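[1] Give me a model of this one.
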Amino acid sequence: MKRIIKNILIFLSYFIYSILIKGLLFLVNINYYSMSTNNKIIITFLIELSYIIILIILYRKELIKDLKDFRENYKKHISNYIIIYLLGIVLMSVTNIILSKITNQDLSSNEIIVRDYIQKFPLYMIFSSVIYAPFVEEIIFRKSIKNIIKNKYIFIILSGLIFGLLHISKLNINEILYSIPYIIMGIDFAYIYYKTNNIFTTMAFHLCHNLVLLIIQLI
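    Presented below is the predicted three-dimensional model:
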């Protein structure tokens with residue numbers, strides 16, 4: 001029970017940590033929302049970096065265990081599930097094409113925002129996309145949820161749904177539909193994590209996925 005409560009609290013921390021830090025800054029007369037965009041990026045970077053450190057501390061034993069296993073078995077983990085990962089990419093791409101026809105909208109608002117930030121703040125987005133997102137999102141949406149929910153199918157579906165729906169920037173039908181490709185990848189990563197029981201496997205796939213997309217946008 002203690003383990004479940006711990007993981008529930010860690011899962012919830014994902015949603016409140018940034019708000020809490022900004023609130024603490026406000027108490028010392030630092031208003032995040034009135035800052036220049038550049039200063040906001042700096043504060044956001046520090047918030048994200050500190051959150052990574054907190055998660056490392058909280059999951060240090062499990063991370064050390066998974067890292068040791070990944071070092072010894074990474075070839076097996078990657079080779080066994082790269083087809084599953086690529087299948088997720090294909091399904092995600094096909095879904096995006098279908099949605100663009102249905103909605104007459106080429107990209108989701110979330111994707112537009114991400115691409116805009118890549119052009120304006122490339123260094124920050126390298127950190128956010130290639131380090132922060134793969135590490136934090138896999139810990140929160142895969143490890144913490146799996147530690148709470150033991151049923152394979154409930155875990156995989158719930159992990160994918162939450163991951164996808166949290167990539168919605170605006171609450172309208174088009175944006176909800178555009179969460180489907182993210183849900184597909186969330187389910188894909190959750191399945192791989194359940195089968196390997198090693199969070200570094202999905203982190204590796206997630207990192208490569210984001211890195212390729214980032215390079216394409218930077219080019």
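[2] same for the longest helix belonging to the chain, what does it pack against?
    Among all segments of the chain classified by DSSP state H, the helix with the greatest residue count is helix 60-103. Using 3 or more C-beta pairs under 8 Å, 6 or more residues apart in numbering; DSSP states H and E as the contact criterion, the elements in contact with helix 60-103 are helix 173-177, helix 179-196, helix 199-218. Just so you know, the C-beta spots here come from the backbone N, C-alpha and C atoms, and that holds for glycine as well.
[3] In TSV: those, plus distance to Asp69 and mean pLDDT.
    Listed next are the helices and strands packed on helix 60-103 as TSV, based on distance: least, C-beta to C-beta, whole Å; pLDDT from 0 to 100:
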stretch	distance to Asp69	mean pLDDT
helix 173-177	38	86
helix 179-196	9	96
helix 199-218	8	92
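[4] So which of the ones you listed is nearest Leu87?
    Closest approach to Leu87 among those (C-beta to C-beta): helix 179-196, 7.3 Å.
[5] Dump the closest one to CSV, keeping only the CA atoms.
    Taking Å, rounded to 0.1, in the frame of the first residue of the first chain, the C-alpha atoms of helix 179-196 are listed here in CSV:
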residue,chain,number,x,y,z
SER,A,179,-4.6,13.0,-29.3
ILE,A,180,-5.1,9.6,-31.0
PRO,A,181,-1.6,9.4,-32.6
TYR,A,182,-0.1,10.3,-29.2
ILE,A,183,-2.4,7.6,-27.5
ILE,A,184,-1.1,5.1,-30.1
MET,A,185,2.5,5.8,-29.1
GLY,A,186,1.7,5.8,-25.5
ILE,A,187,0.1,2.4,-25.8
ASP,A,188,3.1,1.3,-27.8
PHE,A,189,5.6,2.4,-25.2
ALA,A,190,3.5,1.0,-22.3
TYR,A,191,3.4,-2.4,-24.0
ILE,A,192,7.2,-2.4,-24.5
TYR,A,193,7.7,-1.4,-20.9
TYR,A,194,5.4,-4.1,-19.6
LYS,A,195,7.2,-6.8,-21.7
THR,A,196,10.8,-5.7,-20.8
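[6] ok, back up a step: so of the helices and strands packed on helix 60-103, which one's packed in deepest?
    Per-residue neighbour counts averaged over each of those give the maximum for helix 179-196, namely a mean of 22 (mean count of other C-beta atoms under 10 Å).
[7] I'd like to check the angle between it and helix 60-103, please.
    If you take axes from the mean of the first three to the mean of the last three C-alpha atoms, to 10 degrees, helix 179-196 sits at 150 degrees to helix 60-103.
[8] Quick one: residues in contact with helix 179-196.
    Contacts of helix 179-196 with the rest of the structure, by C-beta atoms under 8 Å, 6 or more residues apart in numbering, involve 77, 80-81, 84-85, 87-89, 91-93, 95-96, 99, 108, 138, 141-143, 145-146, 152, 155-157, 159-165, 167-168, 199, 201-202, 205-206, 209.
[9] try stretch 79-88
    Ile184, Met185, Ile187, Asp188, Phe189, Tyr191, Ile192, Lys195, Thr196, Thr201, Phe205, His209.
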